[in-house]
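> I'll drop the sequence and a predicted model, then ask my questions.
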Amino acid sequence: MTSDALQRERVHVSRLTRALENEKLLAVALLAPAVIILVLFIAYPFVMAIWLSLTNLRVGGVGEFVGLDNFIKAWHDTIFRTVFWNTFFYTFWATVFKLALGMWLALLLNRHFRMKRIIRASMLLPFIIPTVLSTFAWRWMFDPTFSVVNWVLYHIGFITVRLPFLSDGDWAMWCAILVNTWRGVPFFAITLLAGLQTISPDLHEAAALDGANAWQRFWHVTWPLLMPVTLVVVVFSVIQTFSDFQLIYVLTGGGPANSTHLVATYAYQLGVGTGLLGEGAAISLFMFPVLIAVV
Amino acid sequence: MVIEHKWKKWVYFIIPMAGFIIFTLFPFYWMAVTSFRPDGELYRSWRAANATPFWTLSPTTEHFRDLLTNTAFLQWLMNTMFVALVATAISLVCGLFAGYALSRLKFRGSEFLGTAIFITYLVPQTLLFIPLADIIRNMQIGNTPWALILTYPTFLIPFCTWLLMGYFKTIPKELEECARIDGATRFGAMVRIVFPIAIPGILSAGIFAFTLSWNEFIYALVFLSSVEEKTVPVGVVSELIRGDIFFWGQLMAGALLGSVPMAIVYSFFVEYYVAGLTGSVKG
């Protein structure tokens, strides 16, 4: 590099540093990468999703504008109605179970006992391990011919014929709820535990001295103080559960006879499986008002 | 505190805790036991007199050997690692910068931007995968790791930004001001003073982002098509089930091997992970 070029370089660098001393310019520079990625891959696709949902685009075809036809068609489609109802049912019960069991586990973990750290760490495993992989373990446990659950129940003497875990619509739905609960309880338990640890034990002692029993202490002291954390956790969980895809995709594939299809898996089936991009996009967008309502 | 009788401890603590432990860990035990079981024992009817489902009489590594030699499993493992590491690195850099700007710098629209980023955090991947697939195709990066490396940050950046913003707020401003009086530039003070203090926060965000990208499924399923580009979750789903036949031994071996790296990373950084998890919901 010649000294002249070096000089120019130095001027250039110092101009950049000076520009970055300006608070506003620095803010713009620092925010730019994040904003560009989010606009390009969230805001733009969102606009495109709305555009797609108003067309009859198929893979390899040219889409024409069809107005709200896709939405109207979906709304009159009996499969879609089943799917929509399934999604609410699944979300509601999974969230109820996750909250109840998560709260219980958090209260248990809040005590002092031996090996607490390792037990607490292992309780988070279902949340760490890729859902797809652990769902396969569940699917294998529910296998029609080789189910270990059937084996246990049969040998205890509870059943004489095998239970139709994933081959009956109602059973399959409850199995999916069970697996979702299994995966989600750690998230509830650990975040609620963090909330519990901020509650001063003095409050409990005061309540105990006033003659409150364990249940009353939970209901009148712990629960109200945990309310803010609980609400946030529930909102997160409802969003995740309502838009769930991988668990159903692996466990049942939406079957038997669409009885476990959720909005996301159905949108995938139409949009990617069948290639009806417009209709698929419209069906995903049905999630949006619900998510807005939750937030 | 309140004195407990022994039977009460059993009813209120030991039995429920044991129940939770069994419920939580049994599927993993089952995964492991299955992956070492020879096919002859694996496919023995649940009513057969000699069925011993809870242990394996003659453990075998045939499923693992089969998985590693006859499928592209190692390649999937490398792909997943590469995508997760690069996506996490990109998201951390973006999140550090954006988090710093939003928590420290005064400029118009900072509150609006903070809220907007938080909202994108709540957008589920399943809402946008169809138009995104189209965009990826138009950018000519379909079926390459870049399709995932560029899209995973959409759910990682909001999370990292939010977490680090909270962390920066706990660092006293005076530290930077001292550095600037000593002649450091704004940018220099940020990189040399604030970021090193924020290392625990960065680790939390990084670990959490890494596990999220390792777990991601729907984008990888939709954007990748050739066998050798796949990630572990997608590869296991699409390549180990041929037609209607499930190769359970291989499937469970794959599930186990795909989970172990996650479990190792997690076991080293439990506390950071928990901090990330609980920090992620502090709205």
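Yep, that arrived. Because the structure is a prediction, the values reported are computed rather than measured. Numbers count the residues shown, from 1 in each chain, chains lettered A, B, ... in the order given.

> C-alpha only now, for contacts and for neighbours.
Fine.

> give me the pLDDT value at the nearest residue to B:Ala72 once chain neighbours are set aside.
Leaving aside its chain neighbours, B:Ala72 sits nearest to B:Glu228 (6.4 Å; criterion: Cα to Cα, 6 or more residues apart in numbering or on different chains). The per-residue pLDDT reported for B:Glu228 equals 89.

> please apply the same query to A:Tyr154.
On pLDDT, A:Tyr154 comes in at 81.

> what's the distance between the closest residue to it other than its chain neighbours and A:Cys175?
Nearest residue to A:Tyr154, sequence neighbours excluded (Cα to Cα, 6+ apart): A:Thr160, at 6.0 Å. For A:Thr160, the distance to A:Cys175 (Cα to Cα, to the nearest Å) stands at 20 Å.

> which one of these two is surrounded by more residues?
Neighbour tally, A:Thr160 and A:Cys175, criterion other Cα atoms under 10 Å in any protein chain shown: the higher count belongs to A:Cys175, 20 against 10.

> that one is in contact with A:Leu163, isn't it?
No. Judged on Cα atoms under 8 Å, A:Cys175 makes no contact with A:Leu163 at a distance of 11.5 Å.

> who in the stretch 151-283 of chain B is up against chain A?
By Cα under 8 Å from any Cα of the partner chain, the residues of the stretch 151-283 of chain B that approach chain A are B:151, B:153-154, B:157, B:185-187, B:211, B:214-218, B:222, B:233, B:236-237, B:248, B:251-252, B:255-256, B:258-259, B:262-263, B:266-267, B:270, B:274, B:277-278, B:281-283.

> that older thread, let me know the secondary structure of the residue nearest to B:Ala72.
For B:Glu228, the reduced secondary structure class is helix; criterion used: DSSP: H, G, I helix; E, B strand; the rest coil.

> how many neighbouring residues does it have?
So B:Glu228, with other Cα under 10 Å, has 17 neighbours.

> okay but it is in contact with B:Leu77, surely?
No. Taking contacts as Cα under 8 Å, B:Glu228 lies outside contact range of B:Leu77: 10.4 Å.

> for A:Phe36, give its distance to A:Val235.
For the record, residue A:36 is Ile, not Phe. The gap separating A:Ile36 from A:Val235 is 27 Å, by Cα to Cα.

> kindly report the same for B:Leu67.
Distance from B:Leu67 to A:Val235, by Cα to Cα: 40 Å.

> low-confidence ranges in the stretch 151-295 of chain A?
Of all residues in the stretch 151-295 of chain A, none has pLDDT under 70.

> which residues of it lie near chain B?
Proximity of the stretch 151-295 of chain A to chain B, by Cα under 8 Å from any Cα, involves residues A:151, A:182, A:187, A:190-191, A:194, A:205, A:208, A:229, A:232-233, A:236, A:239-240, A:243-246, A:250, A:264, A:271-272, A:277, A:280-281, A:284-285, A:287-288.

> among the residues you listed, name the ones in helices.
A:151, A:182, A:187, A:190-191, A:194, A:205, A:208, A:229, A:232-233, A:236, A:239-240, A:246, A:250, A:264, A:277, A:280-281, A:284-285, A:287-288 (DSSP state H).

> please check those and keep the buried ones.
Listed as buried from those are A:151, A:182, A:187, A:190-191, A:194, A:208, A:229, A:232-233, A:236, A:239-240, A:246, A:250, A:264, A:277, A:280-281, A:284-285, A:287; burial here means 16 or more other Cα atoms under 10 Å in any protein chain shown.

> domain-wise, how is chain B divided?
Domain assignment for chain B by automatic domain parsing gives B:6-60, B:70-280.

> what's the closest of those to A:Leu57?
domain B:70-280 (11.3 Å; Cα to Cα).

> and the end-to-end length of the closest one?
41 Å.

> so how far is it from its chain's centroid?
Relative to the chain's own centre, domain B:70-280 is displaced by 8 Å; criterion: Cα atoms, centre = their mean, to the nearest Å.

> repeat that for stretch A:239-250.
Here the centre of stretch A:239-250 is set off from its chain's centre by 7 Å, with Cα atoms, centre = their mean.

> next secondary structure after the helix or strand hosting A:Phe46?
Using DSSP states H and E, A:Phe46 falls within helix A:44-53. Following helix A:44-53 in sequence order, the next helix or strand is helix A:69-76 (DSSP H and E).

> helices and strands around that next one, which ones?
Where contact means 3 or more Cα pairs under 8 Å, 6 or more residues apart in numbering or on different chains; DSSP states H and E, helix A:69-76 is packed against helix A:78-109, helix A:277-285.

> mind putting those into CSV with distance to A:Val221?
Compiled in CSV, the helices and strands packed on helix A:69-76 are given as follows (distance: least, Cα to Cα, whole Å):
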stretch, distance to A:Val221
helix A:78-109, 13
helix A:277-285, 41
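
> most tightly packed of those helices?
Looking across the helices and strands packed on helix A:69-76 with neighbours counted as mean count of other Cα atoms under 10 Å in any protein chain shown, the highest average goes to helix A:277-285: a mean of 28.

> what's the angle from that helix to helix A:78-109?
40 degrees (axes from the mean of the first three to the mean of the last three Cα atoms, to 10 degrees).

> what angle do helix A:277-285 and helix A:44-53 make?
Counting by the same axes, to 10 degrees, helix A:277-285 lies at 120 degrees to helix A:44-53.

> what residues does helix A:277-285 touch?
With Cα atoms under 8 Å, 6 or more residues apart in numbering or on different chains as the test, helix A:277-285 has contacts from A:49-50, A:52-59, A:70-71, A:74, A:263-264, A:266-272, B:126-128, B:130-131.

> narrow those residues to just the buried residues.
A:49, A:52-58, A:70-71, A:74, A:263-264, A:266-272, B:126-128, B:130-131.

> B:Thr56 reaches B:Asp39, doesn't it?
No. B:Thr56 lies out of contact with B:Asp39 (Cα under 8 Å); the separation is 11.0 Å.

> following element in sequence after the worst-scoring helix or strand of chain B on mean pLDDT, please.
One helix or strand of chain B scores below all others by mean pLDDT, DSSP states H and E: helix B:39-42, with a mean of 76. Scanning forward in sequence from helix B:39-42 by DSSP H and E, the next helix or strand is helix B:62-70.

> picking that back up, write the ChimeraX selection for whichever of the residues of the stretch 151-283 of chain B next to chain A are buried.
Those of those that count as buried under 16+ other Cα under 10 Å are selected in ChimeraX with:
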select /B:151,153,154,157,185,186,211,214,215,216,217,218,222,233,236,237,248,251,252,255,256,258,259,262,263,266,270,274,277,278,281
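
> please flag which of the residues of the stretch 151-283 of chain B next to chain A sit within helices.
Reading helices off those with DSSP H, I get B:151, B:153-154, B:157, B:186-187, B:211, B:214-215, B:218, B:222, B:233, B:236-237, B:248, B:251-252, B:255-256, B:258-259, B:262-263, B:266-267, B:270, B:274, B:277-278.

> ok, the closest residue to A:Ile239 other than its chain neighbours - how many residues close by?
Nearest non-adjacent residue to A:Ile239, counting by Cα to Cα, 6+ apart: A:Leu291, 6.4 Å away. The local packing of A:Leu291 (other Cα under 10 Å) involves 18 other residues.
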